[in-house]
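Undergrad: Predicted model, plus sequence, below.
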Amino acid sequence: MATAAAALVCALGGGVAIVDPFHLTYSGELTAMGVAGFFLFLAVTFVLAPWPMAARIGAAVGAGVLGLALVVPMAWLMAVFTDRMSVVRSTKADDGHELVVLWRYYSIDRIPEIRLRKGTGPFRQESVVYSGPEEGALPTTVRFSGESRVTFTVGDCTFASWYDPWTLKVDHVHGYRPGC
């Protein structure tokens, strides 16, 4: 019974990582771990089930093979399609939030971005505040300007964006004007 409950907890954890209401940096990896844990505990549940030995072994092997068939492609896709990033500079606020200016490399192009981060480790949160055009200019100034507000300048244009300090959900960029 405990292994079935553990399998359910892993499935729920993987589901929360898929929905990602907290903008977790590593939500993809957490999803893969949730799926792997689900099938691992499912296999253990089948091994401990009060069935004939052949049925227990067959069900456990089937759960293990199905788990591997799902987790291995997920891990490979995450490794292949995860963008590479190069941090240029960062700014920290007193409350632990951090603004990171970086280049995100996508295929052969590099894209300027500003990301808002909070926390460390596997449950670190991260949201994109600004993503510029391919090979565009990096923001020249980036700062926290008030409660839950970010201001940044790209070229001659200054923009502002608001965010939820708990979930890190970022509002769209404000301050567009002709030519920006």
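TA: That came through fine.

Undergrad: remind me which residues of this structure are low pLDDT?
TA: Low-confidence segments of the chain, defined by pLDDT under 70, are located at 1, 174-180.

Undergrad: so what's the residue lying farthest from the centre of it up against?
TA: In the chain, the residue that sits farthest from the middle, by Cα atoms, centre = their mean, is Pro52; the gap is 42.7 Å. With contacts defined as Cβ atoms under 8 Å, 6 or more residues apart in numbering, Pro52 has no neighbours. Where you see a C-beta, it was placed from the backbone N, CA and C, and this is true even at glycine.

Undergrad: again, only this time at 10 Å
TA: With contacts taken as Cβ atoms under 10 Å, 6 or more residues apart in numbering, Pro52 has the following neighbours: Gly58.

Undergrad: For the helix or strand containing Ala60, which residues meet the burial criterion?
TA: Under the criterion of DSSP states H and E, Ala60 resides in helix 53-81. Counting neighbours by 16 or more other Cβ atoms under 10 Å, one finds that the buried residues in helix 53-81 are 56, 59-60, 63-64, 67, 71, 74.

Undergrad: what does stretch 81-88 give?
TA: Using 16+ other Cβ under 10 Å as the test for burial, stretch 81-88 gives no buried residues.

Undergrad: re earlier: now the buried residues of helix 53-81 as TSV including distance to Asp171?
TA: Converted to TSV, the buried residues of helix 53-81 look like this (distance: Cβ to Cβ, whole Å):
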residue	distance to Asp171
Arg56	53
Ala59	49
Ala60	49
Ala63	44
Gly64	45
Gly67	39
Val71	35
Met74	31
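
Undergrad: Report the distance from stretch 8-22 to the chain centre.
TA: Its chain's average C-alpha position is 12 Å from that of stretch 8-22, according to Cα atoms, centre = their mean, to the nearest Å.

Undergrad: Put the alpha carbons of it into CSV.
TA: This file holds the C-alpha atoms of stretch 8-22, laid out as CSV (Å, rounded to 0.1, in the frame of the first residue of the first chain):
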residue,chain,number,x,y,z
LEU,A,8,0.7,8.4,-6.6
VAL,A,9,2.8,11.1,-5.0
CYS,A,10,5.4,10.8,-7.8
ALA,A,11,2.6,11.1,-10.4
LEU,A,12,1.1,14.1,-8.7
GLY,A,13,4.6,15.7,-8.4
GLY,A,14,5.2,15.1,-12.1
GLY,A,15,1.8,16.6,-12.9
VAL,A,16,2.5,19.8,-10.9
ALA,A,17,5.8,20.1,-12.7
ILE,A,18,4.1,19.8,-16.1
VAL,A,19,1.5,22.5,-15.2
ASP,A,20,4.4,24.6,-13.6
PRO,A,21,2.4,27.2,-11.7
PHE,A,22,5.6,28.4,-10.0
